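Peer 1: sequence first, then the predicted structure, then my questions.
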Amino acid sequence: MKCTITVVLLSILFNLCLTTLSPPSDKKTQKNVKPQEGARKNNVLDRKLVVENAYVKDILKYHATYHQDVSFRNFKNPVLGYVTPWNSKGYDVAKTWAPKFNYICPVWLQVKRQSPSVYIISGLHDVDHAWMKSVRQKGSQSNLKILPRLLFENWQPSDLKAFFMEPTANVEQEALINEVKKACKQWKFDGIVLELFSQIGKYIEKSVKFIQKFGLSMDDNDFKLILVYPPFRGYPSDDFLVQAFNEIYPYVEAVSVMTYDFSNPQKPGPNAPLNWIRLCVEKLMNNEDSTEKKSKILLGLNFYGNAYTVNGGGPIVGTEYIELLKNAKNNQALTYNNKTGENYIEIRTPQGAKKIFYPSLYSIHKRLELAHMYGTGIAIWELGQGLDYFYDLF
């Protein structure tokens, strides 16, 4: 009898030791969640996935699924999607969900001043005609346009002075405009998205007449001009930008307002608070109720996020977000902030604790509601960074 009791006790002690020495079970995290992929009969709204405090397990399970009718539009206002050469998934997204977009903007082109009145457009090696043809065919019902981004790159102070200040400025500007129109004709672009303000410094106030001239000239040739526009940040230049918008919007197809990057590793927090986006719209509207003005505004919508640590952290895209979520506790949910209209989550990873701000179905839904209320469009930066089920909302 004593022998039997001894054997039983030894067995219990042995099992207790195994429990103590073994690594923590994966059941405490989300690493065993198996994701589903591909088309579904119902969209995320019908599947009740658009909720304030989504469970991590549902994000991991359903993020790669989407409504089988990729041509149906929930959001009727104009939508622009940026695509970058360094994120190839964006090219596939543009093809798959082409009917959801009015404009696709591949980030391809730069313009430089080579010598007086001589301008060179670089980046044309990235142009993919087969992809452009496919996107246009699939987006035919929305009359989708392809407008590459054009960036003023590495202009010297002497170049900017000649372009905006010298007596020959008109000649310089005409030379650049003609070079752009020539490229649009040769490469079959529908126009361009011009990023100018972030590159020209003190000459920003001299740019309005140029943009007006540029827009008129492009329109005369049936090309579209969309202008990248800074958000309201409380800078001294903000008042000028509000006034400039009143002078610019009749001459352009739209302005793509960069309502993102509100926070950074030096000032951690939400990517684009909803109250700030609302402020940016109201500043540009300047107490006017103009349907035309509203329709020319494309509110920036980030499809990237940030993972902050005690040492700073930095940007993350969808694939990185999903990997980080696998470290979340079982049954952990996102936290929603009513003031900022964003979700976040705090998790522990092998590299340490992280506080993660990344778009959710609910936060995107709230921004689309805001855009619908004001009558504005949306500009997504950028398509390759998001999750597949985001596009059900558009």
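Peer 2: Ah, there it is. Keep in mind that this is a model prediction, so the values were computed, not measured.
Peer 1: contacts, neighbours, all on C-alpha from now
Peer 2: Fine.
Peer 1: what about I297, distance to T96?
Peer 2: 25 Å (C-alpha to C-alpha, to the nearest Å).
Peer 1: same thing with F189?
Peer 2: For F189 relative to T96 (C-alpha to C-alpha), the value is 20 Å.
Peer 1: between these two, who's got more neighbours?
Peer 2: A direct count of neighbours by other C-alpha atoms under 10 Å for F189 and T96 places F189 higher, at 19 against 16.
Peer 1: any idea which element that one lies in?
Peer 2: Using DSSP states H and E, F189 sits in no helix or strand.
Peer 1: tell me the secondary structure for Y389?
Peer 2: Secondary structure assignment for Y389 (DSSP: H, G, I helix; E, B strand; the rest coil): helix.
Peer 1: per-residue confidence for the nearest residue to it once chain neighbours are set aside?
Peer 2: Using C-alpha to C-alpha, 6 or more residues apart in numbering and skipping residues adjacent in sequence, the residue nearest Y389 is Y66, 4.8 Å away. For Y66, the pLDDT comes out at 98.
Peer 1: and E153, by the same measure?
Peer 2: Looking at E153, its pLDDT is 87.
Peer 1: pretty sure it is touching R113, no?
Peer 2: No: using C-alpha atoms under 8 Å, E153 and R113 do not qualify as a contacting pair, with a distance of 9.1 Å.
Peer 1: these two - which one has more neighbours?
Peer 2: R113 (22 against 17).
Peer 1: and the residue lying closest to V242 once chain neighbours are set aside, what helix or strand is that in?
Peer 2: Nearest non-adjacent residue to V242, counting by C-alpha to C-alpha, 6+ apart: L284, 5.3 Å away. Assessed by DSSP H and E, L284 sits inside helix 274-285.
Peer 1: next one: that helix to chain centre, how far?
Peer 2: Chain-centre distance of helix 274-285: 18 Å, with C-alpha atoms, centre = their mean, to the nearest Å.
Peer 1: looking at it now, give me its mean pLDDT.
Peer 2: The model assigns helix 274-285 a mean pLDDT of 96.
Peer 1: which residues sit against it?
Peer 2: 231-232, 242, 245, 259, 293-294, 297, 299, 339-342, 367, 370 (C-alpha atoms under 8 Å, 6 or more residues apart in numbering).
Peer 1: for Y62, state which of the residues you listed is nearest.
Peer 2: Proximity of the contacts of helix 274-285 to Y62 (C-alpha to C-alpha) peaks at E342, which lies at 19.7 Å.
Peer 1: shouldn't the closest one be in contact with H365?
Peer 2: No: proximity of E342 to H365 does not meet the contact threshold set by C-alpha under 8 Å, at 10.6 Å.
Peer 1: which secondary structure elements does the helix or strand harbouring I364 contact?
Peer 2: Assigned by DSSP H and E, I364 belongs to helix 361-374. Packed against helix 361-374, as judged by 3 or more C-alpha pairs under 8 Å, 6 or more residues apart in numbering; DSSP states H and E, are the following elements: strand 377-381.
Peer 1: adjacent strands (with direction) for the strand it packs on?
Peer 2: Strand 377-381 has the following strand partners under DSSP bridges: strand 79-83 (parallel), strand 297-302 (parallel).
Peer 1: could you give the angle of that strand to helix 361-374?
Peer 2: 150 degrees (axes from the mean of the first three to the mean of the last three C-alpha atoms, to 10 degrees).
Peer 1: contacting residues around strand 377-381?
Peer 2: Contacts of strand 377-381 (C-alpha under 8 Å, 6+ apart): 77-83, 256-257, 295-304, 368, 371.
Peer 1: that'll do, ta.
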